[in-house]
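# what follows is a predicted structure for the sequence shown.
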Amino acid sequence: MTNDALPDAAETYLRALRVELSDAPSDTVREIIDDVRAHIADALDSGRTMDQALAGLGSPQAVAGQAREELALPNGALDHAARAGRTLRAVAVALGVLTAVCVSFLLRSTALPLHLTQAGPDEQSIMQRYGPGLAMLTLLPALIAAAPFALPARARGVAGVVGAVVLTALTFVSGEIGLYYFPLVLLLWVATIVPSAVRRGIGPVAVRSWHLAAAAFVALPGLLAASSAATGTVGLDWVGVALWVVGPLVLGVLCACAIRAGYAVIALAGALVMILAMVEPGFLFAAFWLFGGLYLMIGASGFVAVRAGARNRVEQRPPAARRPRTPDRRSSNCAPFQEPT
C-alpha cells in the first residue's frame, strides 16, 4: 500500500496529530506526519489491521508529546494555557467596556449610592446628571481587567487574582451598579482559574462534569420555554420555537459532546443578548444582562479549555498505559521521527 492511499481512519488520525502539533515549526510537523504515515502504510502492508496499526502508534496526543520531548519542541500545554488566559482576559476587557457604556448611559442616576446622588430628575442617566468625569470611573474595572497585559508574564497571574478580588469586593459594595459588573467578575475569575487548571492538567472527571453542568445550564431556557408552551402559559410561533426551544437544546447537546464550535456560538449568543438588552431596555433588562453574561462566560471558557481537556485526558493516563516510543518502518527499535543531527 502506498502512503497516498491510506484508509480514512488513518487520515483522520494524521489530521488529529497535525492539530496537536499546530504550534510546532511547519517543516518539523511535515517530517513527523510523513514518518507516521509511512509507518502506518508499512504496518498495513505487513498484514496488520488498521486498528492494530493505530494501537501500535498510540493516540495522536501521545505521539505529539513524544515528539515534543525527543525533538525539544515547545510545550504545547503551557502555550495553550497562556493563549487561553490572553483570550479570556481580552473578552473580559471588552465586556468591561460594554458594561461601562451600560452603566453610564442606561442606568438611572438613582442607581448610585445615596450619598453620591444630587438633586435632579431620576430618569436621567449617570452621564446626563454627573457628566463625563464620574462616568469615566465606570471604565476602571475594564482597566483593572487589562492591567495584566502591561505586566511581565511572571506577574500576570498574581495581577489577575488581585484584580478579580478587588472587583469582587467592589461589586458587593456598589449596590445596584455592582449587579451589572457581576458577569465581568465571573469572567475575570475564569480567566484566572482556567489557565491554571490547564497548566496543572485537567482530569477526565472534572472535564466531563464541566461539560455536563454547562450543557444543563445552556439547555435550561429551552426546557422552560418548551414546558411553558406545552401548558399554554406562553404562545410561541415557529420562530420562537426555533430561538427559545430548539436553539438552547441543540447548544446544550454540543456542550455535552465537548464541541468547540458549540461553545463559540454560546459565547456569541450571550454577547448578543447583552447588546440587545441595552438596545431595548425594559422591565427584565437586568435579568437578560445577567443571563447573557453567564452565557458569555460559559461559552468563552469552554471554547478555550475544550482542546486542553482532550490533551490532558491523555496525560492523565498511567505511565504504563503510554507507549514511550513508536516503532519505525525501518526498525522496531526506532521512533517514527528522529532527532535532527
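Good, I have the coordinates.

# mind listing what's buried in the host helix or strand of Ala94?
Element membership of Ala94, judged by DSSP states H and E, is helix 76-105. The neighbour-count check on helix 76-105 (16 or more other CB atoms under 10 Å) flags 76-77, 80-81, 83-89, 91-100, 102-104 as buried. Yep, even glycine has a C-beta here, placed from its N, CA and C like the rest.

# show me this structure divided up by domain.
3-74, 201-320 (automatic domain parsing).

# closest one to Ala135 among those domains?
domain 201-320 (15.4 Å; CB to CB).

# circling back to that earlier point, want to throw the domains of the chain into CSV with mean pLDDT, distance to Glu176 and mean neighbour count?
Output for the domains of the chain, formatted as CSV (pLDDT from 0 to 100; distance: least, CB to CB, whole Å; neighbours: other CB atoms under 10 Å):
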stretch, mean pLDDT, distance to Glu176, mean neighbour count
domain 3-74, 83, 45, 17
domain 201-320, 81, 8, 17
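
# gap between stretch 86-99 and the chain center?
13 Å (CA atoms, centre = their mean, to the nearest Å).

# would you mind pulling up the elements that the strand or helix carrying Val158 packs against?
Secondary-structure assignment from DSSP H and E places Val158 in helix 153-173. When contacts are defined as 3 or more CB pairs under 8 Å, 6 or more residues apart in numbering; DSSP states H and E, helix 153-173 packs onto helix 76-105, helix 140-146, helix 176-180, helix 182-200.

# how far is it from where the chain is centred?
So, by CA atoms, centre = their mean, the centroid of helix 153-173 is 20 Å from its chain's centroid.

# name the residues of that helix that are buried.
Per 16+ other CB under 10 Å, helix 153-173 contains these buried residues: 156-157, 159-161, 163-164, 167-168, 170-171.

# hang on, Val161 packs against Thr192?
Yes. Look at Val161 against Thr192 with CB atoms under 8 Å: they come within range, at 5.5 Å.

# separation between Met278 and Ala271?
11 Å (CB to CB, to the nearest Å).

# now swap in Ala145 and tell me
For Ala145 relative to Ala271 (CB to CB), the value is 16 Å.

# who's in contact with the helix holding Val158?
The contact list for helix 153-173 (CB atoms under 8 Å, 6 or more residues apart in numbering) reads 82, 85, 89, 141, 144-145, 147-149, 151, 178-179, 181-182, 184-185, 188-189, 191-192, 195-196.
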